[in-house]
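Asker: what's the 3D shape of this:
(chains A and B)
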Number of protein chains: 2
Amino acid sequence: MSDFPKTDLNAVRRLANRGYYDKATIYPIVDEALICHVGFVQDLQPFVIPMIHARLDDTVFLHGAVANRMLTHIAEGNPLCISITLLDGIVFARSVFHHSMNYRSVALFGKGSVIGKDDEKLRALEVISDHVARGRWQEARLPNQREMDTTTVISVQIESASAKIRTGPPNDNPEDYALPVWAGVLPFHLEPLPPVKDPKLPDGTTIPDYITSYRRP
Amino acid sequence: MSDFPKTDLNAVRRLANRGYYDKATIYPIVDEALICHVGFVQDLQPFVIPMIHARLDDTVFLHGAVANRMLTHIAEGNPLCISITLLDGIVFARSVFHHSMNYRSVALFGKGSVIGKDDEKLRALEVISDHVARGRWQEARLPNQREMDTTTVISVQIESASAKIRTGPPNDNPEDYALPVWAGVLPFHLEPLPPVKDPKLPDGTTIPDYITSYRRP
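Answerer: Prediction:
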């Protein structure tokens, strides 16, 4: 897979050694995250909203209700910054100053456009469904025409992107290693808990493996 | 605690019944989240960056390196949207259309200003440290003057805010409840894993309770 050119838009400036511009690093982060934060500008005011996303090649799909004012703004082709963050742990250093987080984050830049054709829209919805839970699309009732008509699906071509990643133990000042302070990483994991069935579910309805054994790619 | 007035800025428009404007709902979400996504505008381009935050009364603190260009922009008092999202689960409905997420999200609006005085800056850093791991400030080496001088701490007065929350089982169409499709919620939890000690840590260094029994408020 190729790299994104490093430009003013996507350059990781602070701690530049944590910056990555290759799709092979960026896209697995996009695919692992369940949600993203979409930033856009209206009348010079920034807005950031959490959304479900999914990626197909160099495209990210977003979706929502047709009546959604913010989605309409996104659909009009205004510039977007899509931020995706996986929190991997708290880095406990001997000094307050060197405390940090371990994380894998991505910034994607592009513009949205509405997917007009129903077959392309349905395909994008399948990609989103697969992103959240592969196997579900084959089992749940698929969208009917009314549902298709009330759903907007946005396609965002990824024009520029970068990742910023921190891993590993703390980096303390040499003289601080002698301090009697525990140091290391407290890792985090977005852990699925036991599924909670809908109270209205008939007894005996089989729960599929993709839910009981859920995990992110 | 009081409410934020509902305005054009913070109004939850889609699914307005999921919107909340009271601090008693909004602030616990801010306090539970380990990170936030800060949105700002430079030359009409939106940027969103993940940052550690902490709240004290109606103020949010952000911090970073003095040389950080984006932090400088934030410090200049440009409008910000700080988005905070806690992902609580995937909602599996009988129809693809009614799939959803359970979440607690907040949007905070305000402008940043640099904390100039060292004593106020140190207090803000303590609030940030307490936000991440209460007890750490009393144990780690506190910032020296050089570290203070290379750290920018930003104070953002929360001018407007709202929360959007979804909880509970799926809401399917009446006719879909007869479908033989498992429905319910797969809850998620940001789970701390066993701490990983710094390879350079001397044997026998005691690990504190606030790390072994880590949990969010």
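Asker: how close does residue A:130 get to residue A:56?
Answerer: From residue A:130 across to residue A:56, the span is 10 Å (Cβ to Cβ, to the nearest Å). Quick note: C-beta positions are derived from backbone N, CA and C, even for glycine.
Asker: How about residue A:106?
Answerer: Per Cβ to Cβ, residue A:106 is found 16 Å from residue A:56.
Asker: Of these two, which one has the most company?
Answerer: With neighbours defined as other Cβ atoms under 10 Å in any protein chain shown, residue A:106 and residue A:56 compare such that residue A:106 has more, 26 against 15.
Asker: what kind of secondary structure is residue A:38 in?
Answerer: strand (DSSP: H, G, I helix; E, B strand; the rest coil).
Asker: How about it: which residues does it bridge to?
Answerer: On the basis of DSSP bridges, residue A:38 is bridged to residue A:49, residue A:82.
Asker: Surely it and residue A:80 touch.
Answerer: Yes. Counting by Cβ atoms under 8 Å, residue A:38 does reach residue A:80; the two are 6.1 Å apart.
Asker: Tell me which of the two has more neighbours.
Answerer: Using other Cβ under 10 Å, the more surrounded residue of residue A:38 and residue A:80 is residue A:38, with 29 against 24.
Asker: what's the residue of chain A most remote from its centre in contact with, if anything?
Answerer: Relative to the centre of chain A, and counting by Cα atoms, centre = their mean, the farthest-placed residue is residue A:178 at 39.8 Å. Contacts for residue A:178 (Cβ atoms under 8 Å, 6 or more residues apart in numbering or on different chains) come out as none.
Asker: And residue A:72, by the same measure?
Answerer: residue A:152.
Asker: cool, and the one 3 residues further on?
Answerer: Applying Cβ under 8 Å, 6+ apart to residue A:75 gives the contacts A:112-114, A:152, A:154.
Asker: Leaving out sequence neighbours, find the closest residue to it.
Answerer: Excluding the flanking residues, the one nearest residue A:75 by Cβ to Cβ, 6 or more residues apart in numbering or on different chains is residue A:114, at 4.6 Å.
Asker: what's around the one you found, how many residues?
Answerer: For residue A:114, using other Cβ under 10 Å, the count is 16.
Asker: just how off-centre is the least confident helix or strand in chain A by mean pLDDT within its chain?
Answerer: Least confident helix or strand, chain A: helix A:69-75 with a mean of 86, by mean pLDDT, DSSP states H and E. Here helix A:69-75 is found 19 Å from its chain centre; the criterion is Cα atoms, centre = their mean, to the nearest Å.
Asker: Same question for stretch A:193-200.
Answerer: How far stretch A:193-200 lies from its chain's middle: 25 Å, per Cα atoms, centre = their mean.
Asker: Alpha carbons of it, in CSV - could you do that?
Answerer: Extracted C-alpha coordinates of stretch A:193-200, given in CSV (Å, rounded to 0.1, in the frame of the first residue of the first chain):
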residue,chain,number,x,y,z
LEU,A,193,-19.2,-7.7,28.3
PRO,A,194,-21.8,-10.5,28.2
PRO,A,195,-24.6,-9.7,25.7
VAL,A,196,-27.9,-8.5,27.2
LYS,A,197,-30.9,-9.8,25.3
ASP,A,198,-33.8,-7.6,24.3
PRO,A,199,-36.5,-8.2,27.0
LYS,A,200,-38.9,-8.7,24.0
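Asker: overlap in contacts of residue A:130 and residue A:56?
Answerer: By Cβ under 8 Å, 6+ apart, no residue touches both residue A:130 and residue A:56.
Asker: coming back round to it: now, which of the contacts of residue A:75 lie within strands?
Answerer: In strands, judged by DSSP state E, the following of those are found: A:112-114, A:152, A:154.
Asker: Got the confidence number for the residue farthest from the centre of chain A?
Answerer: Looking at residue A:178, its pLDDT stands at 94.
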